[in-house]
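**Q** I would like to see how this sequence folds:
(2 chains)
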2 protein chains.
Amino acid sequence: MTDAATNDPHPPAGGPLDLDAFRSNGHQLVEWIADYLAGLEQRPVIEPVEPGEVRAKLPATPPRDPEPFAELLADLDQVVVPGLAHWQHPNWFAFFPAMSSPASILAEFAAAGLGVQGMLWSTSPAVTEIETHVLDWLVDLLGVPTGWKSDGPGGGVIQMSASDSTHLALVLARERCRDRTGAAVESMVVYTSDQAHSSIAKGAAIAGYRHVRQLPVNDQFAVEPGTLETAIAEDLAAGRQPAFVCAAVGTTGTTAIDPVRRFGEICADQHIWLHVDAAYAGSAMLCPEFRHHQDGLETVDSYTFNPHKWMATNFDCSVFWVADRGSLIDTLSVVPPYLRNQASDSGQVIDYRDWHVPLGRRFRALKLWWVLRSFGVEGLQQMIRSHVGWAQELSDWVDRDPRLERFAPTTFALVCFTHVDGDEATDRLAEALHQAGFAVTASTAADRRYLRVSIGSTWTEHRHVEALRQAIDASA
Amino acid sequence: MTDAATNDPHPPAGGPLDLDAFRSNGHQLVEWIADYLAGLEQRPVIEPVEPGEVRAKLPATPPRDPEPFAELLADLDQVVVPGLAHWQHPNWFAFFPAMSSPASILAEFAAAGLGVQGMLWSTSPAVTEIETHVLDWLVDLLGVPTGWKSDGPGGGVIQMSASDSTHLALVLARERCRDRTGAAVESMVVYTSDQAHSSIAKGAAIAGYRHVRQLPVNDQFAVEPGTLETAIAEDLAAGRQPAFVCAAVGTTGTTAIDPVRRFGEICADQHIWLHVDAAYAGSAMLCPEFRHHQDGLETVDSYTFNPHKWMATNFDCSVFWVADRGSLIDTLSVVPPYLRNQASDSGQVIDYRDWHVPLGRRFRALKLWWVLRSFGVEGLQQMIRSHVGWAQELSDWVDRDPRLERFAPTTFALVCFTHVDGDEATDRLAEALHQAGFAVTASTAADRRYLRVSIGSTWTEHRHVEALRQAIDASA
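**A** Presented below is the predicted three-dimensional model:
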């Protein structure tokens, strides 16, 4: 019988912690990933899978003994890849992009290798300081208010997703409203567009709200300021407490844009928290010509955008900015004795654990830093402008085709259109495009079916958009 | 002037999307990570850094043009590594471990390379089905109730951190209490130990609760059932509504264990949600001899444990199980038209987006799958037993040393002790151990300072624990 106290779980060779094996396995995986990405175009964009098909390939019980890495790698090919929708496929035009890039993939690998925690400044100062620095860079790069930088009253933090950012904004709004009015959350009201992302209603439910007004939109799918004012007045008259407004800069359905400045004026009058959801379109603000769409940001309380959508950075990387970091930290800071430390007590450092729900945090700033450096700012601007240019080209062609009708303005890189023969024809067109090897999203707005073509997947080139256009032409 | 519509952002060679460069950069990074891990022992476990020192090395503005990968890699050595606390260092005995392992690091790399989203079953079936399958495996491996498997009424999901899991449990408890009693969250009460993790109080604040009772503990740092009963009775008498109880199986301070079964009986009587926080100690349940510590799990509503602590899996990977998945999905499900799909509508599949705050999700199950397969179940059991054995050895030595006094039971792999000369001597001992190159945590409980020595960092071997013991001996 082995004595546990001297039984070393780290055998020098062949075991699960063998670093020489890590080297050779790692080299194999580098080639596997590169081959996967290079070969995507030869695969179906969405693999045909039935529910339960993947599980049926897995053993009922886990292995008692170690399996060689070769089997893990083989199962990537035999179990994993045939069960995926390939979000990085050049023919991926569905949802919004979930971009990636070589530098970002490698940064995830490096961060996993380092295996450090950024919950407190002191638990790895570089993790915190690089995050703060890169988010300060982004303030200038996107032209958002300079007061959101770390040397102003605001500040930024990387969250997992825009849903997390929006949920947190809803929590901060709830606390502000409670402190100001003494109202219970049951009487508070959240306002958003009926085109807003599901994360607003979901975040509101999680934060405890009972009243969410999904406001009707105009023919551009944006909320008119008067619509918001009327709804607020009705709720006040009924004794409810308006607490939170979300303005979308680029809705998920059609990239519609709510009027941020006018919303800001209304919210300031009523002491309502104003949150801007620019999850997708925020990345476009790298190019100054798009910034007029979010005019009025100096009036907002919080803002979120996702570099993991359209800025070549792997999920998860959602940026959340607040205009007043004090209210954030006051709400979330709980300091138990085992987390007390000199650096935090001095007030000289940022402890991001007080900026979101989780305590632990990965070194996600590394990928943002590496993406900015590997593309360069002009490279990212060029990427955005290319995607928008291709979208405009497709949009113009749709406008010229009598069988199709554009459904919403093409402001960024999402093109929305219908078949003039109605919903059934639109759905048939979507199905034909899937059969032809393109992933697009069919959705509904204003009681009509329409197609969303979202351009901006990592490996999409102009030729893929052109091939999609030809497929639409052939199927319409 | 280039035409945006034909301006390809993906130049065939040398650009940020060049896959040949990815291959060679990737191979360099594999070697860099292996060298980092192999060389950790030669570095200080916590690098000496002053606030602002890392940022001072960074340029004020981001680069306009691309930088070569060699510069990114060089900055890992020059900017990042000198600014870290090395959580994977073999002399890391602070907090709880944040384990990693070669297979887990490679799985993170593979998941980043695939770049797929598991928000819905249909957005990548393999991501969902492998997660479900591996979490079902874990139900058997940890001996938790079989009803938590996907073919029972419950179910499991991977979250970012135990803080996220606990926050979600608090939200579900709030909704159950509202539905049952009609009470406002302002009158609901949360009960936890005064030794419980800060995430309970933080999660309660985020979920909107105003009343959190941090119950006093006995001399084993556990809450007595009678203490809980009395507190509940007082709140009921005062017109407040008991809504949530957290039982810790392994507190952060001392790995104390609240009596789950007795708590379960009390909560059942009062219709209170019972959550078990086994963030650290859950991994020990791989070994049947520890399971009696969580006797009574069939009475609980939710449970969380973190493979990213003590199961060789990189952060983030927190498992959250609920006994009744219906209440979870009812609270969180919001389905907008762009997420509607045939598979979800059929009810045959799991859409994990309805199981947590975020919508998007990384393929985190891959690392859990690869860890189980690369270690084998017996390998993981052996690892846990070795860590516990080394802790017991150190604990026994502390008991024999007249200068030291054990502060709490050594149940798992955390050893808590004080210097018999009091708080100042204990703090001086902590400082001496830091100077000697060991990371330990000094904390406070029951108004006394004590040292936490947490054994279980990935690369820690018996000889490192023995070196720490010698350093304690020399410094005490």
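
**Q** Please tell me the pLDDT value assigned to the residue of the stretch 101-250 of chain A found nearest chain B.
**A** Nearest to chain B in the stretch 101-250 of chain A, going by Cβ to the nearest Cβ, is residue A:126, at a distance of 2.9 Å. To be clear about C-beta, it is placed using only N, CA and C from the backbone, and glycine gets the same treatment. What the model reports as pLDDT for residue A:126 is 98.

**Q** Spell out which residues of the stretch 151-300 of chain A are next to chain B.
**A** By Cβ under 8 Å from any Cβ of the partner chain, the residues of the stretch 151-300 of chain A that approach chain B are A:160-164, A:167, A:171, A:174, A:184-186, A:197-199, A:201-203, A:205-208, A:252-253.

**Q** check contacts around the spatially most central residue of chain A.
**A** Centroid-nearest residue in chain A: residue A:306, 3.9 Å away (criterion: Cα atoms, centre = their mean). By Cβ atoms under 8 Å, 6 or more residues apart in numbering or on different chains, the contact set of residue A:306 is A:161, A:162, A:279, A:280, A:282, A:283, A:317, A:318, A:319.

**Q** show me what contacts the fourth one?
**A** Think residue A:280. A:96, A:250, A:252, A:255, A:305, A:306, A:309, A:310, A:412, A:414.

**Q** Swap in 10 Å and give it another go.
**A** Contacts of residue A:280 were listed using Cβ atoms under 10 Å, 6 or more residues apart in numbering or on different chains, and they are A:95-97, A:162, A:197, A:248-252, A:255, A:305-306, A:309-310, A:412-414, A:454, A:456.

**Q** who's in contact with residue A:222?
**A** A:193, A:195, A:247, A:248, A:251, A:254, A:256, A:257, A:258, A:259, A:409.

**Q** can you tell me which of these are in helices?
**A** Among the contacts of residue A:222, no member falls in helices (criterion: DSSP state H).

**Q** Find the pair from the contacts of residue A:306 with maximum spatial separation.
**A** Within these, A:161 and A:283 form the most distant pair, 14.9 Å apart (Cβ to Cβ).

**Q** Neighbour count: those two, which is higher?
**A** Ranked by neighbour count (other Cβ atoms under 10 Å in any protein chain shown), residue A:161 and residue A:283 place residue A:283 first, with 31 against 26.

**Q** That one contacts residue A:375, doesn't it?
**A** No. Look at residue A:283 against residue A:375 with Cβ atoms under 10 Å: they stay out of range, at 11.8 Å.

**Q** what residues are shared contacts of the two?
**A** A:311, A:312, A:383.

**Q** and the second one, how many neighbours does it have?
**A** To tie it back to what came earlier, the one meant is residue A:312. Neighbours of residue A:312 (other Cβ under 10 Å): 31.

**Q** ok, now the first one?
**A** With neighbours defined by other Cβ under 10 Å, the count for residue A:311 comes to 29.

**Q** That one contacts residue A:375, correct?
**A** Yes. Using Cβ under 10 Å, residue A:311 is in contact with residue A:375, at 9.0 Å.

**Q** which ones are touching residue A:37?
**A** A:86, A:88-89, A:100, A:102, A:105, A:458-459, B:17, B:19, B:22, B:113-115.

**Q** which stretches of chain A form helices?
**A** For chain A, the helices defined by DSSP H cover A:19-39, A:69-75, A:102-114, A:125-142, A:162-181, A:198-207, A:225-237, A:260-270, A:307-310, A:325-332, A:342-346, A:365-400, A:423-435, A:462-475.

**Q** out of the contacts of residue A:37, who's nearest residue A:121?
**A** Nearest to residue A:121 out of the contacts of residue A:37 is residue A:105 (Cβ to Cβ; 27.5 Å).

**Q** Pull up the gap between the residue lying closest to that closest one once chain neighbours are set aside and residue B:124, please.
**A** Excluding the flanking residues, the one nearest residue A:105 by Cβ to Cβ, 6 or more residues apart in numbering or on different chains is residue B:112, at 4.5 Å. Distance of residue B:112 to residue B:124, computed by Cβ to Cβ, to the nearest Å: 14 Å.

**Q** Looking at these two, which one has more neighbours?
**A** Each of residue B:112 and residue B:124 has its neighbours counted (other Cβ under 10 Å); residue B:124 has more, 27 against 23.

**Q** What count of nearby residues applies to the residue in the stretch 351-476 of chain A that chain B sits nearest to?
**A** Closest residue of the stretch 351-476 of chain A to chain B, Cβ to the nearest Cβ: residue A:389 (2.8 Å). Close neighbours of residue A:389, defined as other Cβ under 10 Å, add up to 20.

**Q** Same check on the one 3 residues further on?
**A** Residue A:392: 18 surrounding residues under other Cβ under 10 Å.

**Q** before we move on, what about residue A:171?
**A** 24.

**Q** now do the one 10 residues further on
**A** The burial metric for residue A:181, expressed as a neighbour count using other Cβ under 10 Å, is 14.

**Q** which residues touch it?
**A** Shown in contact with residue A:181 (Cβ under 10 Å, 6+ apart): A:187, A:188, A:241, A:242, A:243, A:271.

**Q** which residues pair with the third one across the strands?
**A** Beta-bridge pairing of residue A:241, defined through DSSP bridges, involves residue A:188.

**Q** so it makes contact with residue A:180?
**A** Yes. Taking contacts as Cβ under 10 Å, residue A:241 lies within contact range of residue A:180: 9.1 Å.

**Q** Of those two, give the one with the bigger neighbour count.
**A** residue A:241 (22 against 11).

**Q** residues contacting the residue nearest to residue A:105?
**A** A:33, A:100, A:104-109, A:111-112, A:314-315, A:367, B:362-363.

**Q** 6 Å instead, please
**A** Residue B:112 sits next to A:105, A:108, A:314 when contact means Cβ atoms under 6 Å, 6 or more residues apart in numbering or on different chains.

**Q** Can you lay out the residues you listed as CSV showing neighbour count and pLDDT?
**A** Shown next, in CSV, are the contacts of residue B:112 (neighbours: other Cβ atoms under 10 Å in any protein chain shown; pLDDT from 0 to 100):
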residue, neighbour count, pLDDT
A:105, 30, 98
A:108, 29, 98
A:314, 26, 97
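
**Q** can you redo those as TSV with distance to residue B:441?
**A** Below are the contacts of residue B:112 laid out as TSV (distance: Cβ to Cβ, whole Å):
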residue	distance to residue B:441
A:105	34
A:108	29
A:314	32
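
**Q** tell me which of those residues is nearest to residue A:291?
**A** The closest of the contacts of residue B:112 to residue A:291 turns out to be residue A:314 (Cβ to Cβ; 25.7 Å).

**Q** could you measure that closest one against residue A:194, distance?
**A** For residue A:314, the distance to residue A:194 equals 32 Å [Cβ to Cβ].

**Q** that older thread, are any of the residues of the stretch 151-300 of chain A next to chain B buried, and which?
**A** A:160-164, A:167, A:171, A:174, A:184-186, A:197-199, A:201-203, A:205-208, A:252-253 (16 or more other Cβ atoms under 10 Å in any protein chain shown).

**Q** what about residue A:42, how many neighbours?
**A** Using other Cβ under 10 Å as the criterion, residue A:42 is surrounded by 6 other residues.

**Q** and the gap between it and chain B?
**A** Distance, residue A:42 to chain B, by Cβ to the nearest Cβ, to the nearest Å: 14 Å.

**Q** For that residue, give me the pLDDT.
**A** 96.

**Q** what's the spacing between it and residue A:461?
**A** Here residue A:42 is placed at a distance of 15 Å from residue A:461 (Cβ to Cβ).

**Q** and if you look at residue A:235?
**A** Counting by Cβ to Cβ - residue A:235 and residue A:461 are separated by 49 Å.
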